[in-house]
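[1] quick one, fold the following:
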Amino acid sequence: QVQLVESGGGLVQPGGSLTLSCGISRDSLSVYTMDWYRQAPGKERELVAKITKSGRTTYADSVQGRFTISKHDTINWWYLRMDNLKPEDTATYYCHADEIYYGASLIASDSWGQGTLVTVPS
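    The predicted structure is shown next:
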């Protein structure tokens, strides 16, 4: 079984910065797309940022220019650097991996981290 483990949430003042981390519990796996989603109270979960194995990134319009997604080159860890945080960024953030392979075998699909709360007070 593959688990995604997150860390890094917390309380930060407006304009501050925070970095979230996500890792996979097993070695020798391949992940082709790594994402960060968030869900604010009373709202639907939304995609925040995506990075592919090749390093191509995409961002939600609401975070473009403020958030940066990155990944480790050799192990399955990825990160979300959040700068200039705003109260509207308050949400539970989830890392996500679409497909996880061991060699040529697909061993997990649609895997989620446990979520980490980011609070930016107004």
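
[2] from G16, how far off is S105?
    Distance of S105 to G16, given as CB to CB, to the nearest Å: 42 Å. Just so you know, the C-beta spots here come from the backbone N, C-alpha and C atoms, and that holds for glycine as well.

[3] give me the more crowded residue out of the two.
    Neighbours per residue (other CB atoms under 10 Å) separate S105 from G16, with G16 holding more: 13 against 7.

[4] wait, what's in contact with that one?
    By CB atoms under 8 Å, 6 or more residues apart in numbering, G16 lies in contact with L85, V120.

[5] would you confirm that it belongs to a strand?
    No. Assigned with DSSP: H, G, I helix; E, B strand; the rest coil, G16 falls outside any strand and is coil.

[6] quick check: mean pLDDT of stretch 25-33?
    In this model, stretch 25-33 has a mean pLDDT of 87.

[7] neighbouring contacts of that stretch?
    Contact with stretch 25-33 is made by 2-5, 24, 50-53, 75-76, 97-102, 107, as judged by CB under 8 Å, 6+ apart.

[8] residues touching the residue most central in space within the chain, list them.
    Nearest residue to the geometric centre of the chain (CA atoms, centre = their mean): W36, 2.9 Å. W36 makes contact with 20, 22, 47-50, 69, 78, 80, 93-96, according to CB under 8 Å, 6+ apart.

[9] put the alpha carbons of the strand or helix carrying it into PDB.
    Assessed by DSSP states H and E, W36 sits inside strand 33-39. What follows is strand 33-39, C-alpha atoms only, in PDB (Å, rounded to 0.1, in the frame of the first residue of the first chain):
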ATOM      1  CA  THR A  33       2.000  13.900 -12.100                       C
ATOM      2  CA  MET A  34       2.200  15.400  -8.600                       C
ATOM      3  CA  ASP A  35      -0.500  17.900  -7.500                       C
ATOM      4  CA  TRP A  36      -1.600  20.100  -4.700                       C
ATOM      5  CA  TYR A  37      -5.300  20.700  -4.100                       C
ATOM      6  CA  ARG A  38      -7.000  22.700  -1.400                       C
ATOM      7  CA  GLN A  39     -10.500  22.800   0.200                       C
END
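
[10] adjacent strands (with direction) for the following helix or strand past that strand?
    Following strand 33-39 in sequence order, the next helix or strand is strand 46-52 (DSSP H and E). Looking at strand 46-52 with DSSP bridges, its partner strands are strand 33-39 (antiparallel), strand 57-59 (antiparallel).
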